[in-house]
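**Student:** Predicted model, plus sequence, below.
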Amino acid sequence: MLLAQVIPYASALLVAIVLGILVRNLVPASRWPEAVDPGLAFAAKPLLRLGVVCLGAQLAVGDILGLGAGTIVLVVVAVLGGFFAAVGLGRLMKLPTDLTILIASGFSICGAAAVAGADSAIPAKKEHTTAAVALVVVFGTLMIAVVPLSATGFGLSPEFVGLWTGASVHEVAQVVAIGGIVGGGALEIAVVVKLARVLMLAVVIAGLSLWQRRQPTVEGAPSGKRPPLVPLFVIGFIALVTLRSIGLIPGAALPWFSTAQSILLTAAMFALGAGVRVKQLAELGPKPAVHALLTTVVMSAIGIGGAAMIVS
């Protein structure tokens, strides 16, 4: 029964990434139509960032403030604690710095959108960006089965599950899927808590940009353009949050923003998948997957601990 409920929620982002990788790797290099490369590059960057901007229309600051002090503290601890824990794990495992930061951002904030934000703030390899997106989608999708099974097995209340899910699961769509399966008010709580984490995107990306600007330039290397303190698309994201919060985005327009976000991010995931060969991903070895698993466990531990303190 549970599997029947979970399967329809298979992430469109995951399907798009897999299709992109399949297309790229099944077509021989000699027959690859180079004319599509500019379009893929456009989808992988500008369209992805526009999708992040559309995400801002889902957020109203009043909803976040209505969570209460305890839940707001949980959100901040989940994002910052999860991020720095992931960075620490990456250093212990000797993962590349850019890959570590990409995974940390995606798992602690809001999945693929946060990976895109981090990618704009630091110099990152294309295959590392694709790997981070794939991992955040795969492990978040697994949570669609893990959380409802745990809720049933341990008799967890909808409020507990909503707090746990919103504070720890990676993508908004995955949070919606879990909340919909559990029911009983879990969906509403989970979505608001999750969107509070999304609101932290601007803060973390600004911090990453500031950190990157302070990194020493290697002697003899060309002086590249320093990244802006706040990328333009993050400003767009903040602008939509502001407009939604003061009531200038009508309720009838919200489904359009949600649909646009889904289409843009799905197109971007296909483009990212089509930009990497399996051989490149295989060369990364098992460490990124292990790091992603450990980060998922850390995020879940924070969510469960916070939910236990708030509900008790």
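**Tutor:** Good, I have the coordinates.

**Student:** Give me the residue ranges of the chain where confidence is low.
**Tutor:** Low-confidence segments of the chain (pLDDT under 70): 1-11, 216-229.

**Student:** distance of the residue nearest the centre of it from residue 91?
**Tutor:** By CA atoms, centre = their mean, the chain has its centre lying nearest to residue 111, at 0.8 Å. Distance from residue 111 to residue 91, counting by CB to CB, to the nearest Å: 22 Å. Backbone N, C-alpha and C define where each C-beta goes, glycine included.

**Student:** any chance you could map the helices in the stretch 101-250 of the chain?
**Tutor:** 112-121, 126-154, 158-168, 172-182, 186-199, 201-213, 232-245 (DSSP state H, counting those that start in this stretch).

**Student:** got these as TSV, with distance to residue 54 and mean neighbour count columns?
**Tutor:** Converted to TSV, the helices of the stretch 101-250 of the chain look like this (distance: least, CB to CB, whole Å; neighbours: other CB atoms under 10 Å):
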stretch	distance to residue 54	mean neighbour count
helix 112-121	10	28
helix 126-154	17	21
helix 158-168	20	27
helix 172-182	11	24
helix 186-199	12	24
helix 201-213	13	18
helix 232-245	7	18
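
**Student:** Those into JSON lines, with extra columns for distance to residue 106?
**Tutor:** Formatted as JSON lines, the helices of the stretch 101-250 of the chain follow (distance: least, CB to CB, whole Å):
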{"stretch": "helix 112-121", "distance to residue 106": "4"}
{"stretch": "helix 126-154", "distance to residue 106": "4"}
{"stretch": "helix 158-168", "distance to residue 106": "13"}
{"stretch": "helix 172-182", "distance to residue 106": "12"}
{"stretch": "helix 186-199", "distance to residue 106": "12"}
{"stretch": "helix 201-213", "distance to residue 106": "11"}
{"stretch": "helix 232-245", "distance to residue 106": "15"}
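
**Student:** Out of those helices, the one nearest residue 26 is which?
**Tutor:** Evaluated over the helices of the stretch 101-250 of the chain, closeness to residue 26 peaks at helix 126-154, with 16.7 Å, by CB to CB.

**Student:** before we move on, back to that, I figured the residue nearest to the centre of the chain hits residue 136, correct?
**Tutor:** Yes - using CB atoms under 8 Å, residue 111 is in contact with residue 136, at 4.9 Å.

**Student:** Mind listing the shared neighbours of these two?
**Tutor:** Shared contacts of residue 111 and residue 136, defined by CB atoms under 8 Å, 6 or more residues apart in numbering, comprise 170-171.

**Student:** that older thread, the residue nearest to the centre of the chain - nearest residue in space that isn't next to it in sequence?
**Tutor:** Among residues not flanking residue 111 along the chain, residue 171 sits closest, at 3.8 Å (CB to CB, 6 or more residues apart in numbering).

**Student:** Touching, that neighbour and residue 142? I think so.
**Tutor:** No - in this structure, residue 171 is not within contact of residue 142 by CB under 8 Å, at 11.8 Å.

**Student:** Compute the inter-axis angle for the host helix or strand of residue 261 and helix 126-154.
**Tutor:** Counting by DSSP states H and E, the element that carries residue 261 is helix 254-274. Put simply, helix 254-274 runs at 120 degrees to helix 126-154, going by axes from the mean of the first three to the mean of the last three CA atoms, to 10 degrees.

**Student:** Tell me the first helix or strand C-terminal of helix 254-274.
**Tutor:** helix 278-282.

**Student:** packing partners for that next one?
**Tutor:** Packed against helix 278-282 by the contact rule (3 or more CB pairs under 8 Å, 6 or more residues apart in numbering; DSSP states H and E) you find helix 126-154.

**Student:** Work out the gap between the helix it packs on and the centre of the chain.
**Tutor:** Chain-centre distance of helix 126-154: 11 Å, with CA atoms, centre = their mean, to the nearest Å.

**Student:** Could you tell me the angle between the direction of that helix and that of helix 172-182?
**Tutor:** For helix 126-154 against helix 172-182, the angle by the same axes, to 10 degrees is 10 degrees.
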